[in-house]
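Colleague: Structure for this input, please:
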Amino acid sequence: MKVVIVGGVAGGASAAARARRLSESAEIVLLERGQYVSFANCGLPYYVGEEIKQREKLIVTSPERLRERFRIDVRVGSNVTQINRSKKTITVSDAVTGKTYEETYDKLILSPGASPFKPPIPGCDLPNVLTLRTLEDVDRIKQLVDSGIRDAMVIGGGFIGLEMVENLVKRCVRTTLVQLAEQIMVTMDREMTTPIVANLKKHGVELLLKEQAESVEKTDNGRLRVKLAGGSVLETDMVLLGVGVRPENRLAIQAELSVGKRGGIVTNQYMQTNDPDIYAVGDAVEVEDFVLKSRAQIALAGPANRQGRLAADHIFGRTVPYRGTQGTSIVRVFDTVAASTGVNERTLRSESIPFERVYIHPANHAGYYPGATGMSIKLLFRVPTGEVLGAQIVGGEGVDKRIDVLAMAIQGGMTVFDLEEAELAYSPQFGSAKDPINMAGFVASGVLREDHPVVHVDSLTEQHDALLVDVRTSEEHKLGAIPGALSIPVDELRERLEELTTGNKAGRPIITYCQVGQRGYLATRILMQRGFNVKNLSGGYRAYQLFHPD
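Modeller: Just a heads-up that it's a prediction; the model follows:
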């Protein structure tokens, strides 16, 4: 058996190592057009910021190690230019010798990855207009930063863009972030990005939303002049393009392999293309959305590694299907961490899936133990079953732990009722006896059981006749409240019920709220059992601030 793999890094290198573990007799050839067969591309921004100080730490494994330990025929600087399916050969161009040759295969695995998208604007090919994908790219960026540049512009507010903003600021480079959409991090819902935006501004980042570059030109003093669609003209020393990636599908198209609407190579659950002897893995492939069961294009390192492993399994007789990708991701922006898994609210609405949501704002560990910090969790679940569909969390410590638990809940087809009963590790420095996961389950389950009907901040304007009741203390109310709210602290509510039944308040629906939702829930229970038409504002005043940051 001769297995030829085109492309290294995550998917290709994983496939090669797995293939050798499954077969000592197979001939395995790994062709990589660059000089590095496996490197940590997710760590590149942190090398620029010198959080990762040694460049060699970014190299996961070397060609020499793959040759010695796995007996893999690794050839760097080898660009595959063509696939001949009928002859089962590929054409390879050697960058060192300049020669072209043909290589045969029994099974072929394509792992070409995805390339940064360069918008078709004048000047985007100028020397200091850069993208970030390879070690060579990061070398050019770091050389510029090390030279003492004063200003940089990052175009694109996704993962790469935000990570580069953080690390440029850490290197004392004044940074402007330009984003075409009305929000950064479009994988999350807009209100959940509010704390990230606040932190960017806190660190001096100029954030320009609903804006795009129209042209870039070189100035007489060697800088770059960027003209924006809104009419502004800004000067900077470097422009970094982080506006997304496109699957490298050239070989697939040339070989007449099936390609999806967004350019991803189409595979079955075993990573086979429409040619059973050709597999495809990684950022170049179209995947199945785990929650929606529809086709999607999701570029993440974890799925790429798993796909490479499963392709090798199938080649050597192990039929383990790929489950799909649910898009679990996390990013740190200065001291704010944002994470998501599953489907966001926008997508659920566009797909007309019946769902409900809740917001909670727990601490990362027991409040009495020093150092507790808050987080905001948005949980999305199917109605009426309670199946967990998606989650978004923003905060500090402990965000990673909770998003991973919720990701596994989605993988396992669990419901919010299961979250109530989840048994998680507890010690005061790590969590609470009622972990944030349990609390999310309690709140969501209570909504489904109709223990406490909820209303959401973004639908308050639709509640024309409702009476807003702030059940926090009067001191909290004075510090900031939703306009028009009546202040009745929850501890006084039973004695002041007549205030809700007199004058123009009589018979009106009531919306209670507190700081994070817990006292509002208690007030809702008190009023429901006394016959009031009442709902609790999910997430309380803190959720209101997510939607109204000013």
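Colleague: rest of the way, CA atoms for contacts and neighbours
Modeller: Fine.
Colleague: The stretch 351-500 of the chain: helices as residue ranges?
Modeller: With DSSP state H, counting those that start in this stretch as the criterion, the stretch 351-500 of the chain has helices at 399-411, 416-421, 436-448, 474-479.
Colleague: Run through who's touching the second one.
Modeller: Outside helix 416-421, the residues that touch it by C-alpha atoms under 8 Å, 6 or more residues apart in numbering are 381, 386, 387, 388, 437, 438, 439, 440, 441, 442, 444, 445.
Colleague: per-residue confidence for the fourth one?
Modeller: For residue 388, the model assigns a pLDDT of 98.
Colleague: same thing with the first one?
Modeller: The pLDDT attached to residue 381 in the predicted structure is 98.
Colleague: My read is that it contacts residue 359, right?
Modeller: No: counting by C-alpha atoms under 8 Å, residue 381 stays clear of residue 359, with 11.9 Å between them.
Colleague: what's the closest of the contacts of helix 416-421 to residue 411?
Modeller: Of all the contacts of helix 416-421, residue 411 sits closest to residue 388, with 9.4 Å by C-alpha to C-alpha.
Colleague: burial count for the closest one?
Modeller: For residue 388, the number of neighbouring residues by other C-alpha atoms under 10 Å comes to 30.
Colleague: Do you have the strands of the stretch 451-550 of the chain handy? List them.
Modeller: Remark: strands assigned in the stretch 451-550 of the chain by DSSP state E, counting those that start in this stretch are 454-455, 467-470, 486-487, 510-513, 534-537.
Colleague: quick one on the thing from earlier: quick check on the contacts of helix 416-421: which are buried?
Modeller: Buried residues within the contacts of helix 416-421, defined by neighbour count using 16 or more other C-alpha atoms under 10 Å: 381, 386, 387, 388, 437, 438, 439, 440, 441, 442, 444, 445.
Colleague: mind listing what the first one touches?
Modeller: Translated: residue 381. Applying C-alpha under 8 Å, 6+ apart to residue 381 gives the contacts 355, 356, 357, 387, 388, 389, 390, 415, 416.
Colleague: Could you find the closest non-adjacent residue to it?
Modeller: Using C-alpha to C-alpha, 6 or more residues apart in numbering and skipping the chain neighbours, the partner closest in space to residue 381 is residue 388 (4.5 Å).
Colleague: Look up how far residue 180 lies from that neighbour.
Modeller: As judged by C-alpha to C-alpha, to the nearest Å, residue 388 and residue 180 stand 31 Å apart.
Colleague: swap in residue 395?
Modeller: 25 Å.
Colleague: cool, residue 133 as well?
Modeller: Relative to residue 180, residue 133 is positioned 21 Å away (C-alpha to C-alpha).
Colleague: Now do residue 34, the pLDDT please.
Modeller: Listed pLDDT for residue 34 reads 89.
Colleague: hang on, it packs against residue 76?
Modeller: Yes: assessed by C-alpha under 8 Å, residue 34 is found in contact with residue 76 at 6.0 Å.
Colleague: For the strands of the stretch 451-550 of the chain, give me a markdown table that also has distance to residue 257.
Modeller: As requested, the strands of the stretch 451-550 of the chain are arranged in a markdown table below (distance: least, C-alpha to C-alpha, whole Å):
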| stretch | distance to residue 257 |
| --- | --- |
| strand 454-455 | 49 |
| strand 467-470 | 59 |
| strand 486-487 | 64 |
| strand 510-513 | 56 |
| strand 534-537 | 51 |
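Colleague: can you tell which of the ones you listed is closest to residue 350?
Modeller: Of all the strands of the stretch 451-550 of the chain, strand 454-455 sits nearest to residue 350, with 20.5 Å by C-alpha to C-alpha.
Colleague: Can you spell out which residues form a bridge with residue 155?
Modeller: Beta-bridge pairing for residue 155 (DSSP bridges): residue 178, residue 241.
Colleague: Relative to residue 546, which of the contacts of residue 381 is nearest.
Modeller: residue 357 (14.8 Å).
Colleague: Identify the residues contacting the closest residue to that closest one other than its chain neighbours.
Modeller: Nearest non-adjacent residue to residue 357, counting by C-alpha to C-alpha, 6+ apart: residue 380, 4.6 Å away. By C-alpha under 8 Å, 6+ apart, the contact set of residue 380 is 344, 345, 355, 356, 357, 358, 388, 389, 390, 391.
Colleague: do that again at 10 Å, thanks
Modeller: Each residue near residue 380 by C-alpha atoms under 10 Å, 6 or more residues apart in numbering is listed here: 342-345, 348, 355-359, 386-392, 416, 444.
Colleague: Would you mind giving the contacts of residue 381 as JSON lines with distance to residue 428 added?
Modeller: Compiled in JSON lines, the contacts of residue 381 are given as follows (distance: C-alpha to C-alpha, whole Å):
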{"residue": "355", "distance to residue 428": "34"}
{"residue": "356", "distance to residue 428": "31"}
{"residue": "357", "distance to residue 428": "28"}
{"residue": "387", "distance to residue 428": "30"}
{"residue": "388", "distance to residue 428": "27"}
{"residue": "389", "distance to residue 428": "29"}
{"residue": "390", "distance to residue 428": "27"}
{"residue": "415", "distance to residue 428": "26"}
{"residue": "416", "distance to residue 428": "24"}
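Colleague: that older thread, shared neighbours of residue 34 and residue 76, anything?
Modeller: Residues touching both residue 34 and residue 76 (C-alpha under 10 Å, 6+ apart) are 7, 8, 95.
Colleague: which ones are touching the nearest residue to the second one once chain neighbours are set aside?
Modeller: Computed as C-alpha to C-alpha, 6+ apart, the closest residue to residue 8 that is not its neighbour in sequence is residue 37, at 5.0 Å. With contacts defined as C-alpha under 10 Å, 6+ apart, the neighbours of residue 37 are 7-10, 12-13, 30-31, 59-63, 66, 74-77.
Colleague: Can you name the next helix or strand after the lengthiest helix in the chain?
Modeller: Assignment by DSSP state H gives helix 301-315 as the longest helix of the chain. Once helix 301-315 ends, the next helix or strand along the chain (criterion: DSSP states H and E) is strand 329-333.
Colleague: Report the strands that pair with that following strand, each with its relative direction.
Modeller: In its sheet, and by DSSP bridges, strand 329-333 pairs with strand 336-342 (antiparallel).
Colleague: Give me the average confidence score over the partner strand.
Modeller: Taken as a whole, strand 336-342 carries a mean pLDDT of 98.
Colleague: Between residue 395 and residue 180, which is the more surrounded one?
Modeller: Between residue 395 and residue 180, counted using other C-alpha under 10 Å, residue 395 has the larger neighbour count: 24 against 17.
Colleague: TSV for the contacts of helix 416-421, including distance to residue 490?
Modeller: Shown next, in TSV, are the contacts of helix 416-421 (distance: C-alpha to C-alpha, whole Å):
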residue	distance to residue 490
381	29
386	29
387	32
388	31
437	26
438	24
439	20
440	22
441	23
442	20
444	22
445	23
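Colleague: ok, which pair from the residues you listed is furthest apart?
Modeller: It's 387 and 439 that sit farthest apart of the contacts of helix 416-421, by C-alpha to C-alpha, at 15.9 Å.
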